[in-house]
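In: Dropping the sequence and predicted coords here.
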Amino acid sequence: STRIVLASRPDGAPTPDNFRTEVVDLPEVGDGQISLRVVYLSLDPYMRGRMSTAKSYAAHVELGDVMVGGTVGQVVESRFDGLEPGDYVLAGAGWQSHAVVDGSAVRRLDPETAPISTALGVLGMPGFTAYSGLLKIGQPKEGETVVVAAATGPVGSAVGQIAKLKGARAVGIAGGSEKCRALLDEFGFDAAIDHRDPDFADRLAEAVPDGIDVYFENVGGPVQEAVWPLLNTYARIPVCGLVAQYNGADLDRKDRLPGLFTSILTKSLTIRGFIQSEFVKEMYGDFLRDMSAWVGDGKVKYREDVVDGLENAPAAFIGLLEGKNFGKLLVRVAAE
Ligand code: NDP
């Protein structure tokens, strides 16, 4: 089995030498376990947090350990009742070509219902993040304006499309004209703004003539600064991610804090951070039902950016934090 381990911790943006490739023998399949070959590995922004020892909501990866990650794989050998060789499963096998995992920790996938890769994107964790954060905290209403950045990614694209299904106006922010075009043509956003445009703040203000009622926070940084003055009274801000800050930029800036708190008070803002896992028990069933139907009916579109070969995972992950991906970033570790 080939695997990629954490070789050293990044200082700022990750570099290829933070990762190391190893070839190891797979352990025996124990009672209640399965072995699987990984087909797709999901690359997600949260992995930057796992590379660092800074205190977080989840444990960091130890040096020398396999990088964590969601995977879709195929069962090779099973000593777990209810799973057979050939079955496709969603598992947290991490950055490796093969793994032995507990059968109780995986979910069986039906390749007839939806492409198996979607279990890592629109019908998986990122899709659920959008669904739960927007509906539970954002609560968009008919005619309101919802703004989201990283809008062509799996979270942002679902946020905008669900907002539209709820009768709201969706404004997406993305990096570059090609991504902005996709927001309008592919995902049906009402307006698209390029955050690299030197006049970004003015363009955004023009795109939200009635102000912003829901800002689904994915990025932080300069995008957040431009959004802030445009928020309406009673605006809701689900704080989902701060990807512009994950490599360490901006973290020591405290000068904006008093102004933020004045807005929170005078505009009666609701700002609520969340980690999607907290809503799983309450909402995952509803999510799978609604999202599967929307994707099936073509009401929610999704885009995947598939990179071939496990050896290309580090470069693809480094690119994710710089906006080089265009859609849900996946590594095809082996053929389906
Ligand atoms: P994406 O596929 O959207 O990838 C990240 C995107 O962020 C990049 O493609 C890039 O898009 C954008 N980006 C990167 N740097 C900057 C920057 N400096 N300024 C503005 N945009 C930037 O990722 P996901 O959809 O998987 O995740 C989106 C967000 O949701 C992340 O913050 C992630 O951490 C968070 N998240 C939170 C969860 C939770 O439970 N709270 C669960 C899952 C995700 P572009 O080129 O358009 O700028």
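Out: Received, thanks.

In: now the strands for the stretch 51-200 of the chain?
Out: With DSSP state E, counting those that start in this stretch, the ranges of strands along the stretch 51-200 of the chain come out as 71-78, 88-91, 98-102, 107-109, 145-148, 169-174, 191-194.

In: which regions of this protein lie under the pLDDT threshold?
Out: Where the chain drops to pLDDT under 70, the residues are 249-254.

In: Only alpha carbons, please: show stretch 70-86 as CSV.
Out: Only the C-alpha atoms of stretch 70-86 are listed here, as CSV (Å, rounded to 0.1, in the frame of the first residue of the first chain):
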residue,chain,number,x,y,z
GLY,A,70,-12.5,11.2,3.5
THR,A,71,-12.4,8.5,0.8
VAL,A,72,-14.6,6.4,-1.3
GLY,A,73,-13.2,2.9,-1.7
GLN,A,74,-14.1,-0.6,-2.8
VAL,A,75,-14.2,-3.5,-0.4
VAL,A,76,-11.4,-6.1,-1.1
GLU,A,77,-11.8,-8.4,1.9
SER,A,78,-14.5,-8.4,4.5
ARG,A,79,-14.8,-9.8,8.0
PHE,A,80,-17.8,-7.5,8.7
ASP,A,81,-21.4,-8.7,8.4
GLY,A,82,-23.2,-6.7,5.8
LEU,A,83,-20.3,-5.8,3.5
GLU,A,84,-19.0,-7.9,0.7
PRO,A,85,-16.0,-7.7,-1.7
GLY,A,86,-16.9,-5.3,-4.5
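
In: Would you mark the buried spots in it?
Out: Neighbour-count burial for stretch 70-86 flags 70-78, 80, 83 (criterion: 16 or more other C-beta atoms under 10 Å). C-beta: built from backbone N, CA, C; applies to glycine.

In: same check, this time on stretch 55-66
Out: In stretch 55-66, counting by 16+ other C-beta under 10 Å, buried: 60-61, 66.

In: Grab the nearest non-local neighbour of the spatially most central residue of the chain.
Out: In the chain, the centroid-proximal residue (C-alpha atoms, centre = their mean) is Pro126; its distance is 4.3 Å. The shortest distance from Pro126 to any non-neighbouring residue, by C-beta to C-beta, 6 or more residues apart in numbering, is to Pro154 (3.6 Å).

In: Who are the contact partners of the one you found?
Out: Counting by C-beta atoms under 8 Å, 6 or more residues apart in numbering, Pro154 touches 121-122, 126-127, 130, 302, 327-328.
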